[in-house]
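A.B. asks: sequence and predicted structure, then a few things I'm wondering about:
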Amino acid sequence: MSAAQPETCDACLRRAFLVAALAPRIAGLLERPRARVAGLLALSESDLLAAVAGSHAARLVEDLDRRDFAGERVRLANAAVHAAARAG
Ligand SMILES: [Zn+2]
């Protein structure tokens, strides 16, 4: 381990959690040949939710709004340190 990694901003963390929450649905779309998956990840949060989340969109936004990104940042940093220690 050398220099500290740059901190991920709240917007990037929020996006990461959004995509993680939608991943099973996006994977489901990938199995449907006619689904338009290309470009999904380039959509804004609201467009992506409209395209993929269906009736779960409101709950997902609530989850994201409630999430403690400062706490998540610490948790993820600790996880990375432990992963690096195991790998070493
Ligand atoms: Zn960012």
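C.D. replies: On my side now, so go ahead. Residues are numbered from 1 along each chain as shown.

A.B. asks: show me where pLDDT drops low in the chain?
C.D. replies: With pLDDT under 70 as the threshold, the chain has low-confidence stretches at 1-6, 35.

A.B. asks: what does the helix ranked longest in it contact?
C.D. replies: When the chain is parsed with DSSP state H, its longest helix is helix 10-30. Defining contact as CB atoms under 8 Å, 6 or more residues apart in numbering, one finds that helix 10-30 is touched by 8, 35, 37, 40-41, 45, 48-49, 52-53, 60, 63-64, 67, 69, 72-73. Bear in mind the C-beta positions are built from the backbone N, C-alpha and C, glycine included.

A.B. asks: what number of residues lie near residue 48?
C.D. replies: Residues near residue 48, counting by other CB atoms under 10 Å, number 20.

A.B. asks: for the closest residue to it other than its chain neighbours, what are phi and psi?
C.D. replies: Nearest non-adjacent residue to residue 48, counting by CB to CB, 6 or more residues apart in numbering: residue 40, 6.5 Å away. Note on residue 40: its backbone torsions stand at phi -50, psi -50 [degrees, to the nearest 10].
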